[in-house]
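*Asks:* Here is a sequence with its predicted model. Questions after.
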Amino acid sequence: MQVAVLPRSSIGKKALMAVTGAVWIGYLVLHMWGNLHIFQGAESFNHYAEFLRTVGEPVFSHAQVLWLIRIVIVAALAAHIWSAWDLYLQAQRARSTNYAVKRVVQANYASRFMRIGGVVIILFVLFHLAHYTWGWVTPFDRADPYRNVVIGFSSPVIVLFYLLALAALGLHLFHGVWSMFQTLGLNSRRFDGFFRGLAVFVALVIPIGFATVPLAVLFGILS
Amino acid sequence: MSVTTTQTMTEAPTFVEAPLDGRVPSGPVETLWERTKFDMKLVNPTNRRRFKVIIVGSGLAGGAAAATLGEQGYNVECYAYQDSPRRAHSVAAQGGINAAKNYRNDGDSIYRLFYDTVKGGDFRSREANVYRLAEVSNAIIDQCVAQGVPFAREYGGMLDNRSFGGAQVARTFYARGQTGQQLLLGAYQALARQIAAGTVKMFNRTEMLDLIVVNGRARGIVVRDMCTGEITPRLADVVVVGTGGYSNAFFLSTNAKGCNGTAIWRAHKRGAYFANPCYTQIHPTCIPPVGEHQSKLTLMSESLRNDGRIWVPKQPGDTRPADQIPENERFYYLEELYPSFGNLSPRDISSRAAKRQVDSGRGVGPLRNGVYLDFADSINRLGQKVIADRYGNLFDMYENITGENAYQTPMRIYPAPHYTMGGLWVDYYLMSNIPGLFVIGEANFSDHGANRLGASALMQGLADGYFVLPSTLPNYIAATKLEKIDENADAVKEAVANVTDITNRLMNTKGTKSVDHYHRELGKIIWDYCGMSRTAEGLEKAIQLIPELEAEFWENVRVTGEAGGINQELEKAGRLVDYFDLGRLMCIDALDRNESCGGHFREEYQTPEGEALRNDEEYTYVAAWEYAGAGEMPLLHKEPLEFETVKLATRSYK
Amino acid sequence: MRLKLRIWRQKNAGAEGKFVDYNLDGVSEDSSFLEMLDLLNGHLIDRNEEPVHFDHDCREGICGMCGMVINGIAHGPKAAITTCQLHMREFKDGDSITIEPWRAQPFPVMKDLIVDRTAFDRIIESGGYISVNTGQAPDASVIAVPKTQADRAMDAAACIGCGACVAACPNGSAMLFTSAKLAHLNSLPQGQTERFDRAVLMVNQMDAEGFGGCTNIGECEAVCPKEISLDFIAMMNLDLLRANVMGKGKR
């Protein structure tokens, strides 16, 4: 076994990005699914929020699973960002001189948006933590998540920012999901159409799933 | 413009009475190579790294030889003018490589390949060499497959074959239309492995500009580093030249722009005999030139003739588009004149037939300088998909260059200079008359006689590089006492000074006309008078015109830039200097050979039907020319050719 | 045709380069792109200036020597061909054409449009071969290779090593080149023995040369004159990951 040396090569770093990206997709699906509980009403949603802390008891003590998940996703995010940064530096070194005339032949917009999109997503994540975990942005009551959500999304500016971030996430996923299979060497001409289709599916379902909540609040469906 | 009149060279050349000895061991040809291999001396494996071998050229012959000698443990240095050995012009061969495997069970054998090659060469090659070539052909295929050359396969996984001009068996192995590329990559990869192992040192963008001869033995070369302009001697125990042919003497040829005759010509000036320079192959299937801007000609693989039919309008001057010429007004001249080989007649025959049609006013295309190669019948019979599978890349290439779709309108083709059978003279051991100078691949004269069959160049290059040279070169080392030499030896200094002098003269002429201008002019002279058909009168004229042009060149050429550093004009100028002399020698040789054979066609010597008429009585010899000084008439050595196994016969493909 | 050319001129590797504008008249539509440059160079020589230096050799699209970025696209606007196969009928009278050398740190400019691509050779030297000495081969018919495998190997082996993939990649990545050689040899039964070592060694060398990583955007595939597929990059990735898990590549 020399898995430990993997990240030394550019392909290893890419593989690390693919795997950590997959971890995050898994997390996003769970997160989105949880969010949708809000449409079952305040009680159900608050119950779900409590469940997140009590899950795994009595094997795990209070909030231990939640913290485990947090550690995994933070580590995954850190590895994802580190790989991306390192590959970015490598690319900058490899292409230190730019062309006077730039033309793109076949690369789609999403694929060229990965790095900027990634930065947008990180900024969003920080804002999102400030918004709903630390409660620095809008009035916040740790005991009533449902109210926090409704108050938090009452501002159209905040909703707009969330929607923009979700669009960035969609683009990131559109290239990222397909790219993941390519990087892990699972893609080939035979499966290309399937993986592209899967990427479109994921890139639509996750952002739309998330977007329903702020939109519902904004349009008064949730109050 | 002042012209130094050089004396005209129309008097008969002096020839040396004593026959030149090809050092062919005696005995039956079938077992000759095996016995020779046993008789040759060997070098102990632990001693090998003490011998330095310089190999000039990294194509099929040079690259394969460098890799193989490296594997054996010699201390090898390999030189190439390209930026990587993978770019040697062997890469451009399209069609395939012959071998006597008889995988088709269609009656092929080593003997038949040998026979076809001797006959294809119009009985002007050395029997023993050709037999050896046929013999090792099978091992080449084995070697290449083991290296991972992706030859075409059948669905069962077995190797596929196609047929080629001049043969009635399917013995050609191929990798799509890129056989040369794939074989070269095989050799290149083997070479790369030795470079990594440290047995071979590769010098890219480095050009050989002189041969160093010390005490009568080849002991090194002088090179110019094409990046820095530095001129340095490189010493060794043996020098191997595998730098390809000299078709670029014609300016317009299918050779790569960088292909040159400089290495072999400068070795010739140091004493190596130049054999049969007039044997040049004009390939029948090339895209006709379109105008003055033309910088080179593009070959379309001969394999196209498997499925394409060649024709011209019956009526001279017929300007109707191809699809408006009814079937009965078309002249399928190869099928009608050579029914048993038809469109697959050998190259020299096909080329001359095309020339006759165009000369008679039946040429097609805007400049009326081509003949049709028509796939309509095959497309009707097999469907466009099959044709596209077989030749898709060639059709694409044709469309890129001409803007025409050959699935819909017939291709237009015309012959173009492509390969040179002539080259430095070598004995059976591939050594020139200068001990220690070996010559391999297209650069030597040995195996193809007066005409080369399709798919045989790759075979010969690899045979020399992988199998023949690596057996004969050690014999020379083992049998020779090689004294130490150093860079201060007079011969070394003199060679370096010679190269520096040529470079300085070129840089200091500071005239008004470009190198390309003179090359085009030279090419026209050689093409007009020493091309597909030749006359004594024309050749005499060319022998007069070339030195005049050369004199003007030295007065009036403009080489821009500086000698230090990259200077492509200087590179071209240096090569052109040698083409003047080489072109002149081609004409002298063509004039001396009062017969028609293979690629050499003298209008005075033809049958009533216009076929080549050999003169076996007087010309069954190899003409090996010895350099006698600038502007002097070279000395002719004759190596008599004996045909003990194959009977001399008129070559007929009817 | 009349053209406005803007060409990168650089005296040598150490010198500062710059764009120089040229007006060129009388270009034939039937001439190739390189013949158009020949025409320009003829005029430059007439003016006693140094001609534009560019690498070229076979001019049939197979040697891989030529290559320049033409109006922002490696090998120019027409897909699946090299610069030498590009013909002027692809352009219009009066067009402006900007011509630049390949840009990548491992491909330093040597003069004008000439770049040094020996990094590719070193990648091949690191393991892009099957280790078989001359004479060691068994009969060619011993190993049957299914046609699909042979065809796949040939698809990959068609690479001419021109470097357009690197030039077109915004990351300056050589993944397409490296993967083509790996896929060629790794698709064949003959290449299995060294398969995983080869993947590790070649990828290490590729990284050591200073090429960038892959972001799967596919610009390389789009400009490749031989239409080498991104599939081969996927194949290389998997081989490398498997090799790493198996602990291969220690030589």
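*Replies:* Sure thing, it's come through.

*Asks:* CA atoms only for stretch C:155-165 - export them in PDB, please.
*Replies:* The C-alpha coordinates for stretch C:155-165 follow below in PDB (Å, rounded to 0.1, in the frame of the first residue of the first chain):
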ATOM      1  CA  ASP C 155      -6.200   5.000 -31.800                       C
ATOM      2  CA  ALA C 156      -3.900   5.900 -28.900                       C
ATOM      3  CA  ALA C 157      -0.600   5.200 -30.800                       C
ATOM      4  CA  ALA C 158      -1.700   7.700 -33.500                       C
ATOM      5  CA  CYS C 159      -0.300  10.500 -31.300                       C
ATOM      6  CA  ILE C 160       2.400  12.500 -33.200                       C
ATOM      7  CA  GLY C 161       3.800  14.200 -30.100                       C
ATOM      8  CA  CYS C 162       3.200  17.700 -31.500                       C
ATOM      9  CA  GLY C 163       2.400  19.300 -28.200                       C
ATOM     10  CA  ALA C 164      -0.900  20.900 -29.200                       C
ATOM     11  CA  CYS C 165      -2.600  19.400 -26.200                       C
END
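
*Asks:* Is whichever strand or helix holds A:Val159 positioned near chain C?
*Replies:* Element membership for A:Val159, per DSSP states H and E: helix A:156-183. Yes - counting by CB under 8 Å from any CB of the partner chain, chain C is contacted by helix A:156-183 at A:175, A:178-179, A:181-183. Yep, even glycine has a C-beta here, placed from its N, CA and C like the rest.

*Asks:* from those, which single one is nearest B:Pro366?
*Replies:* A:Gln182 (48.2 Å; CB to CB).

*Asks:* That closest one is in contact with C:Met236, isn't it?
*Replies:* No - applying CB atoms under 8 Å, one finds A:Gln182 not in contact with C:Met236, separated by 10.8 Å.

*Asks:* Of these two, give the one with the bigger neighbour count.
*Replies:* C:Met236 (27 against 23; other CB atoms under 10 Å in any protein chain shown).

*Asks:* Name the nearest residue to the more buried one, ignoring sequence neighbours.
*Replies:* Residue nearest to C:Met236 in three dimensions, not counting chain neighbours: C:Ser179, with 3.8 Å by CB to CB, 6 or more residues apart in numbering or on different chains.

*Asks:* Just the element for the one you found, please.
*Replies:* Using DSSP H and E, C:Ser179 maps to helix C:175-186.

*Asks:* Any buried residues in the following helix or strand past that helix, and which?
*Replies:* For helix C:175-186, the following helix or strand on the C-terminal side (DSSP H and E) is helix C:195-208. Neighbour counts over helix C:195-208 (16 or more other CB atoms under 10 Å in any protein chain shown) mark C:195-207 as buried.

*Asks:* Show me what from the stretch 151-251 of chain C comes close to chain B.
*Replies:* Looking at chain B, the residues of the stretch 151-251 of chain C close enough under CB under 8 Å from any CB are C:151, C:153-154, C:157-158, C:160-161, C:184-185, C:188, C:190-191.

*Asks:* quick one: low-confidence parts of chain A?
*Replies:* Low-confidence segments of chain A (pLDDT under 70): A:1-6.

*Asks:* if we can go back for a sec, now that we have the residues of helix A:156-183 next to chain C, which one has the most neighbours?
*Replies:* Result: A:Thr183 is most packed of the residues of helix A:156-183 next to chain C (other CB under 10 Å), 28 neighbours.

*Asks:* Would you mind measuring from that residue to B:Ile54?
*Replies:* According to CB to CB, to the nearest Å, A:Thr183 and B:Ile54 sit 46 Å apart.

*Asks:* And the helices in the stretch 1-150 of chain C?
*Replies:* Assigned by DSSP state H, counting those that start in this stretch, the helices in the stretch 1-150 of chain C fall at C:33-46, C:118-125, C:147-157.

*Asks:* who's in contact with B:Gly95?
*Replies:* Listed by CB atoms under 8 Å, 6 or more residues apart in numbering or on different chains, the contact set of B:Gly95 reads B:162, B:164, B:172, B:174, B:177, B:179, B:301-303, B:454-455.

*Asks:* Now do it against chain C, distance only.
*Replies:* B:Gly95 sits 13 Å away from chain C, taking CB to the nearest CB, to the nearest Å as the criterion.

*Asks:* A:Ile116 now?
*Replies:* A:Ile116 is 12 Å from chain C, by CB to the nearest CB.

*Asks:* low-scoring pLDDT stretches of the stretch 151-251 of chain C, where are they?
*Replies:* C:251.

*Asks:* Up against chain A, what does it have?
*Replies:* C:168-173, C:175, C:203-204, C:206-207, C:210-219, C:221-223, C:229-231, C:233-241, C:244-245, C:247.
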